[in-house]
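>>> got a structure for you, letters missing:
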Ligand code: G
Ligand code: G
Ligand code: MN
Ligand code: NA
């Protein structure tokens, strides 16, 4: 309850900020987008991980407020950068299932003068089947605005093939646990190769997250993986860290 109250305050008093991590083309190194990652530094507790406070926000009924803040801030930054590539925002399926979600995305894009194509949503599933159906309807409306939809953490418990069948999607984001040992493991190479093929057969972009070493990168190139994200190609950092590197037209 203590943590919940402090999160409530952070939402009101500007205690949250966003970091951005590049998503890049595996073959050319070209920038494909930035993922926005929420950060909370509490005066007493220090840095609190979103892995801890996002689930807390969901339980405490604060996920709508948190999600609205993240979406607004990421769209404000996307408009300031005015890139041709999208900024990706994480949304929990619980948030997507809320009734006002489509309207909120629409209003936020308009408020910042953004095209739908300048936004991507990375969906993490923690939902019942009923909520998933509702989420699918809302997502189809958001997709019609030109917003790209990515299924995050694909290949882990929460993010399954049945989710893939139920949601309208443009991208599959493979969980980093699938590629940890890919440089040495023929089994990981075959599994990831098969998932890349699955994505391709469904006309989905496939991005692999958590790429940390040149050896992992090379293994992914050999498998025809188009896009990567990870410490190797850029650590998450504040917008001010990236702005000087973003030339006009990037
Ligand atoms: O950035 P980090 O690895 O600490 O993130 C931990 C988890 O928190 C990841 O699963 C990530 O998807 C999630 N996360 C980060 N930012 C957001 C956000 O703005 N909204 C939601 N719903 N989840 C986020
Ligand atoms: O679940 P999601 O994909 O949104 O989580 C993204 C999280 O992964 C971020 O919190 C980010 O800090 C973390 N991350 C990004 N790149 C790497 C990486 O190369 N290695 C590891 N271990 N974590 C990463
Ligand atoms: Mn994500
Ligand atoms: Na992930």
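That came through, no problem. Please read all numbers here as calculations on a predicted model, not as lab measurements. Ligands and ions are numbered 1, 2, ... in the order given.
>>> quick one: buried residues of stretch 102-119?
When neighbours are counted by 16 or more other CB atoms under 10 Å, the buried residues of stretch 102-119 are found to be 102, 104, 105, 108, 109, 112, 114, 116, 118, 119. Backbone N, C-alpha and C define where each C-beta goes, glycine included.
>>> quick check: residues of the chain near ligand 2?
Remark: the part of the chain in contact with ligand 2 comprises 21, 37, 90, 122, 152-153, 176, 209-212, 230-231, 236, using CB under 6 Å from any ligand atom.
>>> how about the strands in this protein?
Residue ranges of the strands in the chain, as given by DSSP state E, are 16-25, 31-42, 46-48, 87-92, 119-124, 148-154, 171-174, 205-209, 227-229, 237-238.
>>> what helices or strands is the fifth one leaning on?
Taking 3 or more CB pairs under 8 Å, 6 or more residues apart in numbering; DSSP states H and E as contact, the helices and strands that strand 119-124 lies on are helix 63-81, strand 87-92, helix 93-96, helix 101-111, helix 129-144, strand 148-154.
>>> comparing these by mean pLDDT, which bottoms out?
For those, the weakest mean pLDDT is recorded on helix 93-96, namely a mean of 86.
>>> and residue 189, what is it in contact with?
182, 219, 222, 223 (CB atoms under 8 Å, 6 or more residues apart in numbering).
>>> find the residue closest to the third one in space, skipping its chain neighbours.
Right, residue 222. Here the nearest residue to residue 222 in space, its sequence neighbours aside, is residue 189; by CB to CB, 6 or more residues apart in numbering that works out to 7.8 Å.
>>> buried residues of the lowest-mean-pLDDT helix or strand in the chain, list them for me.
Across the helices and strands of the chain, mean pLDDT, DSSP states H and E gives its lowest value to helix 93-96, namely a mean of 86. The neighbour-count check on helix 93-96 (16+ other CB under 10 Å) flags 93, 94, 95, 96 as buried.
>>> cool, and stretch 72-88?
Of the residues in stretch 72-88, those buried under the neighbour-count criterion (16+ other CB under 10 Å) are 72-79, 81, 83, 85-88.
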